[in-house]
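kindly generate the corresponding structure for this input.
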Amino acid sequence: METTLDGIRDIKVYQNKEGYRFSVDALLLYTFANMRYARNIADLGTGSGIIGLLLARKYSKASVSLVELQESLYGLALKNIEINGLSDRVSAVLADIKHLKDTFAGMTHDLVVSNPPFRKPTTGRLSSGQERAIARHELALRISELAEAASYLLKAKGRFFMIYHPERLLEAVDALRQCRLEPKRVRFVHNDADAESKIVLIEAVKEARPGIKIENPLFIYNNDGSYTAEVSAMYGDGR
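Down below sits the predicted model:
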């Protein structure tokens, strides 16, 4: 499959030209993950590795595992680790998130992130091509299975950061709490001030007490179509 070489902040990634490609979602989730310190990080459903690689830059002493089911994307993640000079701290793992117990020891991670498929197979337009369809629709992973995997990996008080669709927020909250992951922060993302939210960012803490903070909404675009100051700062290039 033909690839392109793209960059975001200080990370370069090869992506399949016609397959699954990262979007601003990756940058939103990377920024939302705000732990002061992390030693072991896992990016579940990493795709080409973009979020995990960004986090490896943010947490310069952390070991990062990029977990991917699809071989095409796993191959890109391996390549992207190398071109960013992070082979000493970042590894890619070809594995099914539903069966992480076969690959990882439990209670070993401080921080887990995921940009999971959030569209049910019977809703929305299926993405063209298997790679994009699996990445965006629940063909190979359900939210309950993702929550179980994140809880298995995390130490007590470890944090799970995910991005999801607001329409399914309550479903996500139920799944997380059933796996001892207590939602603590929620932030709704809107294209602009006049648009309804199409993205929600969620932070859950393992074995935490109940109590949730709803943060101010995040707007991606100004009225003239330019990025808002907050999103421009996320890109780190002053645009």
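
Ile41 reaches Leu55, doesn't it?
Yes. Assessed by C-beta atoms under 8 Å, Ile41 is found in contact with Leu55 at 5.5 Å. Every C-beta, even on glycine, is put in place using the N, C-alpha and C of the backbone.

need the overlap of contacts for those two.
Shared contacts of Ile41 and Leu55 (C-beta atoms under 8 Å, 6 or more residues apart in numbering): 62, 64, 111, 113.

out of those residues, the closest to Asn84 would be?
Each of the shared contacts of Ile41 and Leu55 was scored against Asn84 by C-beta to C-beta, and Val64 proved nearest at 11.1 Å.

any idea which helix or strand comes after the strand or helix carrying that closest one?
Using DSSP states H and E, Val64 sits within strand 63-68. Using DSSP H and E, the helix or strand that follows strand 63-68 in sequence is helix 71-83.

distance between that following helix and the chain's centre?
Taking C-alpha atoms, centre = their mean, to the nearest Å, one finds helix 71-83 lying 16 Å from the centre of the chain it belongs to.

same deal with stretch 17-33?
Distance, stretch centre to chain centre, for stretch 17-33: 7 Å (C-alpha atoms, centre = their mean).

relative to Leu27, how far out is Ala229?
Using C-beta to C-beta, to the nearest Å, we find Ala229 at a distance of 14 Å from Leu27.

these two: who's more crowded?
Set side by side, Ala229 and Leu27 show unequal neighbour counts under other C-beta atoms under 10 Å, the larger going to Leu27 at 19 against 10.

secondary structure element for that one?
Secondary structure (DSSP H and E) places Leu27 in helix 24-32.

contact partners of that helix?
Residues outside helix 24-32 that contact it (C-beta under 8 Å, 6+ apart): 8-9, 50-51, 54-55, 58, 113, 115, 161-163, 187, 189, 199, 201, 203, 218, 220, 231, 234-235.

how about 7 Å then?
Helix 24-32 is touched from outside by 8, 50-51, 54-55, 113, 115, 161, 163, 187, 189, 199, 201, 220, 234-235, with contacts defined as C-beta atoms under 7 Å, 6 or more residues apart in numbering.

buried only: go through the shared contacts of Ile41 and Leu55 for me.
62, 64, 111, 113 (16 or more other C-beta atoms under 10 Å).

and of the residues you listed, the nearest to Met35?
So of the buried ones among the shared contacts of Ile41 and Leu55, ranked by how close each gets to Met35 (C-beta to C-beta), first place is Leu111, at 5.5 Å.

with adjacent residues omitted, what lies nearest to that closest one?
Excluding its sequence neighbours, the residue lying closest to Leu111 (C-beta to C-beta, 6 or more residues apart in numbering) is Ala38, at 4.2 Å.

that neighbour looks like it's in a helix, true?
No. Per DSSP: H, G, I helix; E, B strand; the rest coil, Ala38 lies outside any helix segment and is coil.
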